[in-house]
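Undergrad: My questions concern the predicted model and sequence given below.
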Amino acid sequence: MRKLTVPVRTARLNLREFVATDLAAVHAYSSDPRVTRYLFFGPRDEESCADYLAELLASQRERPRTRFELAVEEIATARLIGACDLSLIEAKVVDLGYMLGVEQWGHGYATEIALALIDAAFSELRAERVISTVDVNNAASIRVLEKVGMRWEAVYRRHRRAKNRWWDCHLFTLPRAVWEDSKATLR
Ligand SMILES: CC(C)(COP(=O)(O)OP(=O)(O)OC[C@H]1O[C@@H](n2cnc3c(N)ncnc32)[C@H](O)[C@@H]1OP(=O)(O)O)[C@@H](O)C(=O)NCCC(=O)NCCS
């Protein structure tokens, strides 16, 4: 069975399982319209946050587990500052996502998260392909995907209808072979 070892540690972050007492911190960032501007959901009120947290706590117990939505904790402060996820959307295809509270933007955290989760997706979840879809106007997230070596593959016009509008999204992908080559170059 495919397993992800949690927590995933990076230099500055601890990507750990969510727990029920995270509700207030989850509400703090996911109720902010600046954070959810390019997300299909939100901003979330307290009730919606509680439903979301309950659903993701239940997903931790699923076997086989296909959704790994993790809390992003800043090691220096022990504060929960956002969320990130790997989801097995097909047998060997893993979808990557992340979001952070506004005060934590611009410190390279999303890049650090994406690099660590990509490594975990290939080495532990044995993915053949990591993908991410991003709103065409979400410049910061597009930049993160480029920085971690993901490649633009397609644009999906009217990819999804959410929050009363159609969303045009870019598809970024990283094949296993490219990731393996990048690791070999670093050795
Ligand atoms: C996307 C997000 C996670 C980025 O987090 P972050 O920790 O600030 O990202 P990083 O610091 O690692 O990198 C951001 C990069 O985007 C660049 N950037 C930021 N805003 C930008 C903008 N408006 N236009 C162009 N580039 C931008 C930064 O300069 C940086 O690139 P650089 O290192 O070359 O200078 C954060 O903005 C966020 O949480 N957004 C809301 C949720 C979201 O949209 N998630 C993604 C869904 S696909």
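TA: Yep, it's here. Since the structure is predicted, the reported quantities are computational estimates derived from the model, not experimental observations.
Undergrad: Okay, Ser31 and the ligand: tell me how far apart.
TA: 13 Å (C-beta to the nearest ligand atom, to the nearest Å). Heads up, the C-betas are built off the backbone N, CA and C, glycines and all.
Undergrad: Please enumerate the strands of the protein.
TA: Ranges of strands in the chain, per DSSP state E, are 8-9, 13-17, 67-74, 79-90, 93-100, 129-135, 151-162, 165-175.
Undergrad: Can you lay out these as JSON lines showing mean pLDDT, distance to the ligand and mean neighbour count?
TA: Converted to JSON lines, the strands of the chain look like this (pLDDT from 0 to 100; distance: least, C-beta to the nearest ligand atom, whole Å; neighbours: other C-beta atoms under 10 Å):
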{"stretch": "strand 8-9", "mean pLDDT": "98", "distance to the ligand": "16", "mean neighbour count": "17"}
{"stretch": "strand 13-17", "mean pLDDT": "98", "distance to the ligand": "10", "mean neighbour count": "19"}
{"stretch": "strand 67-74", "mean pLDDT": "98", "distance to the ligand": "9", "mean neighbour count": "22"}
{"stretch": "strand 79-90", "mean pLDDT": "97", "distance to the ligand": "6", "mean neighbour count": "20"}
{"stretch": "strand 93-100", "mean pLDDT": "98", "distance to the ligand": "4", "mean neighbour count": "21"}
{"stretch": "strand 129-135", "mean pLDDT": "98", "distance to the ligand": "4", "mean neighbour count": "22"}
{"stretch": "strand 151-162", "mean pLDDT": "97", "distance to the ligand": "12", "mean neighbour count": "12"}
{"stretch": "strand 165-175", "mean pLDDT": "98", "distance to the ligand": "8", "mean neighbour count": "17"}
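Undergrad: Now the closest residue to Ala76 other than its chain neighbours, what are its backbone angles?
TA: In space, Ala76 comes closest to Arg12 once its chain neighbours are excluded; the distance is 6.9 Å by C-beta to C-beta, 6 or more residues apart in numbering. Per-residue torsions, Arg12: phi -120, psi 0 (degrees, to the nearest 10).
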